[in-house]
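In: just need the structure, nothing else, for what follows:
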Amino acid sequence: MIRGGFLSNAERLELRALARDGLSEARASRRANAIILLDKGWSCQEVADALLIDDDTVRAWHRLYREHGLTGLVVFDIGGSHSRLSAEQEVALFAWVSASLPRNTRTIGAWIADSFGLEYSHAGLIALLHRLNLAYRKPDLVARKLDAAKQKAFIDAYDRLMRDLAADEAVVFADAVHPTHQVRPAGCWAPKDQAVAITPSSGRDRVNIHGAIDLETGKTQMLDVPTVDAQSTILLLIAILAAHPSMRIIHVFLDNARYHHARLVSEWLAREGGRITLHFVPTYSPHLNPIERLWGTMHRNVTHNRSYATFRDFKAATMAFLTQTVPKNWTELCDQVSDNFRVIDPADYRIMA
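Out: Below is the predicted model:
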């Protein structure tokens, strides 16, 4: 069985471009469509029925893609094909792509045509680029001030804490989010001859949510507050205490927002009795706070392609998802909101100007 969701965002974009390219061979587009459908969770038999082929062919295409990437889908000569570019031209192409980082194959095709007088189809360009070890990538957002050593120290400390966590200790992650009453258009499947649209919201009102989640149980505490500040931080900590009455220690992980460090919060913690211990995520490191992933999941389920007539409806849908849907469906959502931390080192990236 082929499990869906095996493609990265960049791979999906690349396959969709091939599937929609009118200049490429139809059989290359059909192969791309098959891989896209498999990634969406269709079975081999369902894909075969849709494309009027047999399921063994679908499995063979998936194997080609797994082993050779897009090149496996667009190259049909089993014995291999010779490049229309000379070795020197290929070196020049690789150097130009490396230096300029073109955003689409159309630009690359135009450069090859201007430089060498050769025309390539979309599928031919993809095969050429993959053979030259070039891939379509979406840049990651990486802050220049990220400190790899601090991230590693945080992850090591977190792992030690989780290994030694007692039965009467809990771990929660806290943060604030401010979703705006606006629909977010997102790609979707629809009949080929039917244009689709969504009505934008007219307002710019936003919900201020100060929230927390326990990754072990999926329990959430979500406060709809007028302003996210030191006072809302204290109210959130009180809600966390109430949700974990039997816990001796509650470890709360949160970012370095000024209101989390406010004197008002420190004074309240000193009076609270010691059940709550704050742990601060390294600066510029939202990837080390899983609740940030919950906000993304919330948007995919609440704002993507969903329009709400009133701000009241939008707020109700947002809060219902965070307070009811998430805990109730935690077994299905927990993989999207996990603590599989990693170090992001700016030195590992080429930072684009």
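
In: partners of the biggest strand by length in the chain, with directions?
Out: Longest strand in the chain by number of residues, with DSSP state E as the criterion: strand 169-177. Counting by DSSP bridges, the strands paired with strand 169-177 are strand 209-213 (antiparallel), strand 249-254 (parallel).

In: chain center to that strand, what's the gap?
Out: Relative to its chain's centre, strand 169-177 lies at 20 Å (CA atoms, centre = their mean, to the nearest Å).

In: okay, it in CSV with CA atoms only?
Out: The C-alpha trace of strand 169-177 is given here as CSV (Å, rounded to 0.1, in the frame of the first residue of the first chain):
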residue,chain,number,x,y,z
GLU,A,169,4.5,16.4,36.0
ALA,A,170,3.0,17.8,32.8
VAL,A,171,4.4,19.7,29.8
VAL,A,172,2.5,22.3,27.9
PHE,A,173,3.4,24.8,25.1
ALA,A,174,2.0,28.3,25.1
ASP,A,175,1.9,31.2,22.6
ALA,A,176,-0.4,33.9,21.2
VAL,A,177,-2.0,34.1,17.7
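
In: report the distance from the one helix or strand residue 90 maps to to the chain centre.
Out: Assigned by DSSP states H and E, residue 90 falls within helix 87-100. Helix 87-100 has its C-alpha centroid displaced from the chain centroid by 31 Å (CA atoms, centre = their mean).

In: columns distance to residue 142 on top of the strands paired with strand 169-177, output as CSV?
Out: Placement of C-beta: from N, CA and C, glycine included. Output for the strands paired with strand 169-177, formatted as CSV (distance: least, CB to CB, whole Å):
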stretch, distance to residue 142
strand 209-213, 25
strand 249-254, 21
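
In: follow-up on the earlier one: now do the longest strand of the chain, average pLDDT.
Out: In this model, strand 169-177 has an average pLDDT of 98.

In: the strands in the stretch 251-353 of the chain, which residues?
Out: Ranges of strands in the stretch 251-353 of the chain, per DSSP state E, counting those that start in this stretch, are 276-280.

In: so where's it shaky on pLDDT?
Out: For the stretch 251-353 of the chain, the stretches with pLDDT under 70 are 353.

In: residue contacts, residue 130?
Out: Residue 130 makes contact with 68-71, according to CB atoms under 8 Å, 6 or more residues apart in numbering.

In: top helix in this structure by residue count?
Out: Secondary structure assigned by DSSP state H gives helix 148-163 as the longest helix of the chain.

In: tell me the spacing between residue 111 and residue 87.
Out: To residue 87, residue 111 is 18 Å away according to CB to CB, to the nearest Å.

In: neighbour count: these two, which is higher?
Out: residue 111 (16 against 8; other CB atoms under 10 Å).

In: quick one: pLDDT of the more buried one?
Out: 95.

In: okay, and it sits in which element?
Out: helix 105-116.

In: what mean pLDDT would you report for the helix or strand just after that helix?
Out: Of the helices and strands lying after helix 105-116 in sequence (DSSP H and E), the nearest is helix 122-131. Per-residue pLDDT over helix 122-131 has a mean of 81.

In: now helix 122-131, how far from the chain's geometric center?
Out: 26 Å.

In: quick one, it and helix 87-100 angle?
Out: 90 degrees (axes from the mean of the first three to the mean of the last three CA atoms, to 10 degrees).

In: which residue ranges form the helices in the stretch 251-353 of the chain?
Out: 263-272, 291-302, 311-320, 326-328, 330-333 (DSSP state H, counting those that start in this stretch).

In: nearest to residue 189, of those helices?
Out: Closest approach to residue 189 among the helices of the stretch 251-353 of the chain (CB to CB): helix 291-302, 15.5 Å.

In: so which elements touch the closest one?
Out: strand 169-177, strand 209-213, helix 311-320 (3 or more CB pairs under 8 Å, 6 or more residues apart in numbering; DSSP states H and E).

In: give me the angle between the second one and helix 291-302.
Out: Here strand 209-213 runs at an angle of 110 degrees relative to helix 291-302 (the same axes, to 10 degrees).

In: output strand 209-213 as PDB, nothing but the C-alphas.
Out: What follows is strand 209-213, C-alpha atoms only, in PDB (Å, rounded to 0.1, in the frame of the first residue of the first chain):
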ATOM      1  CA  ILE A 209      -5.900  34.300  21.400                       C
ATOM      2  CA  HIS A 210      -3.500  33.400  24.200                       C
ATOM      3  CA  GLY A 211      -3.400  29.600  24.300                       C
ATOM      4  CA  ALA A 212      -1.600  26.500  25.400                       C
ATOM      5  CA  ILE A 213      -1.600  22.800  24.400                       C
END
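
In: nice, that's everything, thank you.
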